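Peer 1: pasting the structure only:
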């Protein structure tokens, strides 16, 4: 392990601060557990620090997503406890302007959507999370998951179709 200069250390610290939330969301998409995802984030940045893989990145997000994805996949079989989905990590805090009733309704809707996303099969959930929350395109997602770009688009379409059907069913039961 190289000893970093103060400039390199500051650069690495900035990378961690800038991308920790993104790496968490990638890990969470695989592990569906906040604590395991936090551990995966730490392991991801520790690996990057040790091997210097963070220097001179062409596509920072794609590289970090790929590393975080592999770390999370490697951690998954070792998970002793079943996944305990926590729908809040990817959600931004609600605005202080809406009233309490609106805030509660919005939080319930977000939790419902996140739980529906968490219930998707992994092959559909992960591309959807990378596309929607992390704003990666089909080519970048295909590179991260090592699948063709067309397969990514098909999986995204299928995931969105399933979510639309589930949300329509919820709306029907609420207003029936």
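Peer 2: Received, thanks. Model, not experiment: these values are computed from the prediction.

Peer 1: tell me how far the nearest residue to residue 148 once chain neighbours are set aside lies from residue 126.
Peer 2: Nearest non-adjacent residue to residue 148, counting by C-beta to C-beta, 6 or more residues apart in numbering: residue 142, 6.0 Å away. C-beta: built from backbone N, CA, C; applies to glycine. Remark: distance between residue 142 and residue 126 (C-beta to C-beta, to the nearest Å) = 12 Å.

Peer 1: please apply the same query to residue 37.
Peer 2: For residue 37, the distance to residue 126 equals 13 Å [C-beta to C-beta].

Peer 1: ok, now residue 33?
Peer 2: 15 Å.

Peer 1: circling back: packing partners for the helix or strand the residue nearest to residue 148 falls within?
Peer 2: Assigned by DSSP states H and E, residue 142 belongs to helix 138-145. Packing contacts for helix 138-145, counted by 3 or more C-beta pairs under 8 Å, 6 or more residues apart in numbering; DSSP states H and E, involve helix 60-75, helix 122-132, helix 149-175.

Peer 1: so residue 10, which of the three states?
Peer 2: helix (DSSP: H, G, I helix; E, B strand; the rest coil).

Peer 1: one more: residue 147?
Peer 2: Put simply, residue 147 is coil when judged by three-state DSSP.

Peer 1: tell me how many other residues crowd it.
Peer 2: If you count neighbours by other C-beta atoms under 10 Å, residue 147 ends up with 16.
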